[in-house]
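*Asks:* Return atomic coordinates for the entry below.
(one chain, ligands or ions: 1)
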Amino acid sequence: MFEDIWAYVSLAPSLLLLLTLSVVYRYLRHKWLQPQATLTAHGKTQQRDGTSVTPSATHEGAREGDRPQSLPLSVNYHFTRQCNYSCGFCFHTAKTSDVLPIEDAKRGIQMLQDAGMQKINFSGGEPFIVQRGKFVGELVRFCKVDLKLPSVTIVSNGSLISEKWFEKYGEYLDILAISCDSFDPEVNELIGRQQGKKNHLDSLRRVRDMCSKYKVAFKINSVINTHNKGEDMADYITDLDPVRWKVFQCLLIGGENSGEDALRHAESYVISPEEFQAFLDRHKDVKCLVPESNEKMQNSYLILDEYMRFLDCTKGNKDPSKSILDVGVTEALKFSGFDEQMFLKRGGKYTWSKADMKLEW
Ligand code: SF4
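*Replies:* Purely as a prediction, here's the structure:
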């Protein structure tokens with residue numbers, strides 16, 4: 001017995017040394033595995049020593065061993081370009097009718113979650129046009145039930161959403177944003193924000209009521225342009241009471257709504273920064289207003305197209321990366337043009353789970 005105790009005591013210094021080495025090793029390993037750089041405005045890369053470099057614009061230019069520059073915390077997946085509306089300033093136009101098979105889309109979403117994604121927004125085109133909403137519904141359910149993503153959201157024009165959809169999928173959706181640029185039906189018609197003679201404002205109010213009934217947070221997106229810049233929307237917005245009212249400045253994107261090969265030509269819709277500011281000033285008392293100028297908007301969104309390619313808008317058009325399904329998220333992310341600092345500055349990280357919002361339904 002005495003010999004056993006003596007043996008443990010004599011081993012103690014060695015065990016202490018081993019423990020110390022293990023702690024030092026873990027500290028150094030953790031330090032070396034931190035990202036070495038973060039993105040700054042204008043697509044430059046901020047190094048740890050404070051200097052900045054411009055990343056290569058080509059895939060061939062990416063060096064082996066480059067580290068991911070930022071986390072894809074919040075991703076916008078534009079899985080379709082098809083739409084039943086024809087807004088004159090649309091900046092994600094119907095250049096293809098392709099949609100990935102749903103199993104590929106799910107695989108890509110799983111990869112994004114593995115890379116750090118916490119929020120996914122499904123957008124288009126019009127997300128409810130594919131399989132009458134079943135496609136987006138199944139993705140919403142997959143993200144919330146299987147992946148348990150904190151935030152699952154959709155941006156839609158609202159015209160194709162049925163009550164049956166809400167019954168089946170509403171519980172899995174955190175936020176539904178509906179686009180509305182005017183409360184004057186004639187202006188909506190002029191912009192192209194409607195299908196045929198169907199009143200867009202009727203769709204907006206119908207969806208707002210269903211969001212309330214099925215406990216989905218309701219949001220409104222508006223694009224301010226030459227046709228609505230003088231409008232006072234304060235009373236309408238206050239009455240609809242969205243959790244957020246995102247107000248964008250009309251933006252030109254080469255190849256989408258500007259230039260020879262574009263399907264839309266939005267030059268006549270563009271307003272100046274001063275006109276945008278005048279609109280914001282007129283609505284300064286609307287509490288839920290979240291303004292987004294072109295400067296804030298252009299590079300602060302991670303956009304995935306219908307092939308799951310990141311779209312880089314830094315040069316004023318949408319340059320695609322390779323698909324994350326082919327090269328992985330880390331590699332594709334190097335060509336996304338994503339400005340993480342601007343994402344944070346524009347308030348890209350907010351209370352985005354409906355479970356965390358103190359909503360009265
Ligand atoms: S509703 Fe959206 S996707 Fe459809 S045409 Fe208008 S801006 Fe484009």
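
*Asks:* Spell out which parts of the protein neighbour the ligand.
*Replies:* Where the chain comes near the ligand, counting by Cβ under 6 Å from any ligand atom, the residues are 83, 85-87, 90, 92, 124-126, 157, 179. Every residue, glycine included, has its C-beta placed from N, CA and C.

*Asks:* I'd like these as JSON lines, with distance to Gln298, neighbour count and pLDDT appended.
*Replies:* Supplementary listing: the residues of the chain next to the ligand in JSON lines, determined by distance: Cβ to Cβ, whole Å; neighbours: other Cβ atoms under 10 Å; pLDDT from 0 to 100:
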{"residue": "Cys83", "distance to Gln298": "22", "neighbour count": "21", "pLDDT": "96"}
{"residue": "Tyr85", "distance to Gln298": "23", "neighbour count": "19", "pLDDT": "95"}
{"residue": "Ser86", "distance to Gln298": "24", "neighbour count": "15", "pLDDT": "92"}
{"residue": "Cys87", "distance to Gln298": "19", "neighbour count": "22", "pLDDT": "94"}
{"residue": "Cys90", "distance to Gln298": "16", "neighbour count": "24", "pLDDT": "94"}
{"residue": "His92", "distance to Gln298": "14", "neighbour count": "22", "pLDDT": "92"}
{"residue": "Gly124", "distance to Gln298": "19", "neighbour count": "25", "pLDDT": "93"}
{"residue": "Gly125", "distance to Gln298": "20", "neighbour count": "25", "pLDDT": "95"}
{"residue": "Glu126", "distance to Gln298": "23", "neighbour count": "25", "pLDDT": "97"}
{"residue": "Asn157", "distance to Gln298": "22", "neighbour count": "27", "pLDDT": "97"}
{"residue": "Ser179", "distance to Gln298": "19", "neighbour count": "21", "pLDDT": "97"}
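
*Asks:* Going along the chain, name the helices of the protein.
*Replies:* Along the chain, counting by DSSP state H, helices occupy 2-32, 102-114, 134-141, 163-169, 185-191, 200-213, 234-240, 273-282, 294-297, 324-327, 329-333, 340-345.

*Asks:* And the ones you listed, which one averages the lowest pLDDT?
*Replies:* Mean pLDDT across these is lowest at helix 2-32; the value there is a mean of 51.

*Asks:* In the stretch 151-300 of the chain, what residue lies closest to the ligand?
*Replies:* For the stretch 151-300 of the chain, the residue positioned closest to the ligand under Cβ to the nearest ligand atom is Asn157, at a distance of 3.9 Å.

*Asks:* I figured that residue hits Cys83, correct?
*Replies:* Yes - if you go by Cβ atoms under 8 Å, Asn157 and Cys83 touch, sitting 7.3 Å apart.

*Asks:* Could you double-check that Gly328 lies in contact with Leu112?
*Replies:* No - counting by Cβ under 8 Å, Gly328 sits too far from Leu112 to count as a contact (10.5 Å).

*Asks:* These two: which is more packed in?
*Replies:* Neighbours were tallied for Gly328 and for Leu112 using other Cβ atoms under 10 Å; the higher tally belongs to Leu112 (24 against 15).

*Asks:* mind putting the helices of the chain in CSV, distance to Ser70 included?
*Replies:* What follows is the helices of the chain, written out as CSV (distance: least, Cβ to Cβ, whole Å):
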stretch, distance to Ser70
helix 2-32, 19
helix 102-114, 13
helix 134-141, 24
helix 163-169, 31
helix 185-191, 35
helix 200-213, 32
helix 234-240, 33
helix 273-282, 27
helix 294-297, 17
helix 324-327, 15
helix 329-333, 7
helix 340-345, 4
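
*Asks:* Pretty sure Gly137 sits against Glu171.
*Replies:* No - because the distance of 11.2 Å does not satisfy Cβ under 8 Å, Gly137 is recorded as not touching Glu171.

*Asks:* Grab the nearest non-local neighbour of Thr80.
*Replies:* Gly125 (4.2 Å; Cβ to Cβ, 6 or more residues apart in numbering).

*Asks:* got the domain boundaries for this protein?
*Replies:* As recorded under automatic domain parsing, the domains making up the chain are 2-66, 74-353.

*Asks:* Leu359: which of the ones you listed is closest?
*Replies:* Closest to Leu359 of the domains of the chain is domain 74-353 (Cβ to Cβ; 6.3 Å).

*Asks:* my read: the residue nearest to Thr80 touches His92, true?
*Replies:* Yes - between Gly125 and His92 a contact is recorded at 6.6 Å, counting by Cβ under 8 Å.

*Asks:* Touching both of those two, which residues are there?
*Replies:* With contacts taken as Cβ atoms under 8 Å, 6 or more residues apart in numbering, the residues that reach both Gly125 and His92 are 78, 81.

*Asks:* which residues of the stretch 251-361 of the chain score low on pLDDT?
*Replies:* Along the stretch 251-361 of the chain, the model assigns pLDDT under 70 to residues 361.
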